[in-house]
Every structure is written in structure tokens, then in C-alpha cells.
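Visitor: Prediction below, plus the sequence it came from.
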Amino acid sequence: MTKAKLHTVFLPFPDKDDRMVQIYVPEHSENEKLPVIYMTDGQNLFDEKSTPYGSWGVIDAVENERKNGSKGAIIAGIDNGNVYRDSELTPKCIGEIQYRYMLNDIFTPQGEIFDDFLMNTVIPYVEHNFPVKTGRKYTSVCGSSSGGLQAFFSGVEHSDKFGFIGAFSPAFLIYTENDWRKYLLQKIKSDMPYLYIYTGSGDELEQMIFESTEMMYDLLPETGYPYDMMNEIVMLDNKHNENAWREIFPDFLHIVLNK
């Protein structure tokens with residue numbers, strides 16, 4: 001058996017310094033291959049001291065799944081660009097940006113650049129160097145807030161690559177309902193990834209996200225997203241923080257590994 005290990009690599013991010021990507025590989029036999037979840041905000045996933053609220057605790061979630069009979073999954077977490085985070089995790093092509101007062105002065109939507117980094121640098125590297133099961137059924141993308149928006153974007157843009165999308169507290173409010181409708185009508189096909197949307201409503205920001213998530217959940221089937229490939233989880237008391245996402249991630253992981 002190969003022991004569990006958290007690997008750290010640095011990969012070339014367009015027009016910026018190399019970006020840290022952490023890859024957690026659970027214990028596995030010599031020839032065993034595992035599903036993989038690609039995640040945004042990698043610096044908040046593994047280290048309990050990474051934020052005042054702790055981390056997502058993804059390693060604990062994977063190991064608990066293994067204890068309950070699952071073989072587990074590989075987690076690949078991509079660090080954000082610090083002050084460039086909101087820019088990197090917000091696509092430009094969907095529509096005009098709303099709520100600009102909530103964003104920093106250097107904000108310029110660059111989600112397409114991050115998506116290119118994920119698809120053409122991170123995924124090929126992980127699939128080449130780690131015991132990953134390839135194919136849509138075994139490949140997921142997940143994130144929270146702006147990272148949840150970006151995960152949704154990548155999953156929709158590359159519906160042939162991803163079998164599951166985890167969009168936690170997603171920043172759907174960044175675009176108007178009309179812009180979303182136009183975008184989704186162009187992108188949605190009959191065969192889409194399983195979409196797991198989570199939102200809380202326990203503070204002002206999460207309440208705003210809750211309202212936009214409800215809008216999106218109604219809009220998706222209207223624009224052709226298969227209703228049986230959607231799941232919305234609402235936990236009204238939860239706030240917009242890592243503690244909430246840590247609570248919900250094991251449920252998403254269980255679905256990814258057992259659906």
C-alpha cells in the first residue's frame with residue numbers, strides 16, 4: 001500500500017508567479033486509481049490554521065468516507081491569487097458585473113484565464129503524475145463564493161469533462177438574471193454534470209447569495225438543465241465562511257463517490 005500524502009507543486013499561471021497546487025492522495029494499493037475533485041481556494045482546504053474559521057477539512061472528509069467503505073478521492077486544491085482572487089474567479093463572458101462596490105479597485109474579470117489554467121495545466125499535470133481515474137464520471141470541480149461561481153462556470157463550459165459540480169455559496173449575484181439566461185441558453189446541453197448547489201442565509205452576504213441561488217435554481221431547468229441532475233441544499237442559519245463549507249463538503253463528497 002502507498003501511504004496517504006499531501007503533495008505540493010508549483011505550476012505556471014499565465015502572467016503571474018507560479019501557483020501553488022496541493023494534491024491530497026489517500027492511501028491506495030499499487031495499481032489503484034481514484035476519482036479526483038479539483039477545487040478553488042486551495043489554501044483554505046487542508047490547513048486548519050489557514051483562516052480564523054479553520055479549513056474545509058477535506059482530508060478528514062476523505063478519510064471518513066474511507067472508514068465508511070469508500071475508496072476515497074484525490075483532492076487537488078488550487079491556491080487563489082490573494083488580491084487577484086475575485087478577478088481570477090469571475091468570468092468575463094457571462095455579462096456586466098454587478099455589485100462592484102463589493103470588489104477591490106484592481107478587479108478585472110479573468111475567470112477564463114483561471115479556467116484555462118485548470119483545464120490545460122492543472123488537470124493534465126495531475127492526471128499524468130498521480131493515480132487518477134480519468135473520464136468524466138470520475139472528475140469533479142468544486143468551490144465556494146467566487147470559487148463556487150468559477151467551479152460552476154468551468155463545469156458548464158466543459159460539461160464533457162466534469163461529472164459533478166460543487167457550487168457552495170456561489171456568487172451568482174455578480175450577474176443579472178437576464179445575462180445568466182442568455183449565457184445558459186447557449187451552453188446547456190441534454191447531458192450536464194450533476195450540480196450540487198449549497199447556500200446558507202445566516203449573514204448579510206449569505207442572504208444575498210441565497211436569493212440569487214434561488215433565482216438560479218429556478219432558471220436552470222427553464223434554460224434546459226436536466227432537473228434530475230440538480231440538487232439544492234439550504235441551511236438557513238449558516239454564515240458565509242469556511243466552517244459552513246466544511247460542514248457541507250462531506251455530503252458533496254459522498255455523492256461524488258457513490259452516485
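Guide: Received, thanks.

Visitor: which residue ranges form the helices in the chain?
Guide: Ranges of helices within the chain are 58-67, 85-88, 111-117, 123-129, 146-157, 177-187, 204-222, 242-258, based on DSSP state H.

Visitor: Nearest residue to residue 238 in space, ignoring adjacent ones along the chain?
Guide: Closest residue in space to residue 238, ignoring its immediate chain neighbours: residue 200 at 3.0 Å, by Cβ to Cβ, 6 or more residues apart in numbering. C-beta here means a position set from N, CA and C on the backbone, and glycine is covered the same way.

Visitor: Check the one you found and give its pLDDT.
Guide: According to the per-residue confidence, residue 200 scores 97 in pLDDT.

Visitor: and it, bridged to which residues?
Guide: Taking DSSP bridges as the rule, residue 200 bridges to residue 235.

Visitor: isn't it right up against residue 243?
Guide: No - applying Cβ atoms under 8 Å, one finds residue 200 not in contact with residue 243, separated by 10.2 Å.

Visitor: quick one on the thing from earlier: can you say which of the helices of the chain is packed in most?
Guide: Ranked by mean neighbour count under mean count of other Cβ atoms under 10 Å, the helices of the chain are led by helix 146-157, which reaches a mean of 26.

Visitor: mind putting the helices of the chain in JSON lines, distance to residue 34 and mean pLDDT included?
Guide: As requested, the helices of the chain are exported to JSON lines (distance: least, Cβ to Cβ, whole Å; pLDDT from 0 to 100):
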{"stretch": "helix 58-67", "distance to residue 34": "10", "mean pLDDT": "95"}
{"stretch": "helix 85-88", "distance to residue 34": "27", "mean pLDDT": "94"}
{"stretch": "helix 111-117", "distance to residue 34": "23", "mean pLDDT": "98"}
{"stretch": "helix 123-129", "distance to residue 34": "11", "mean pLDDT": "98"}
{"stretch": "helix 146-157", "distance to residue 34": "20", "mean pLDDT": "98"}
{"stretch": "helix 177-187", "distance to residue 34": "29", "mean pLDDT": "97"}
{"stretch": "helix 204-222", "distance to residue 34": "30", "mean pLDDT": "96"}
{"stretch": "helix 242-258", "distance to residue 34": "9", "mean pLDDT": "96"}
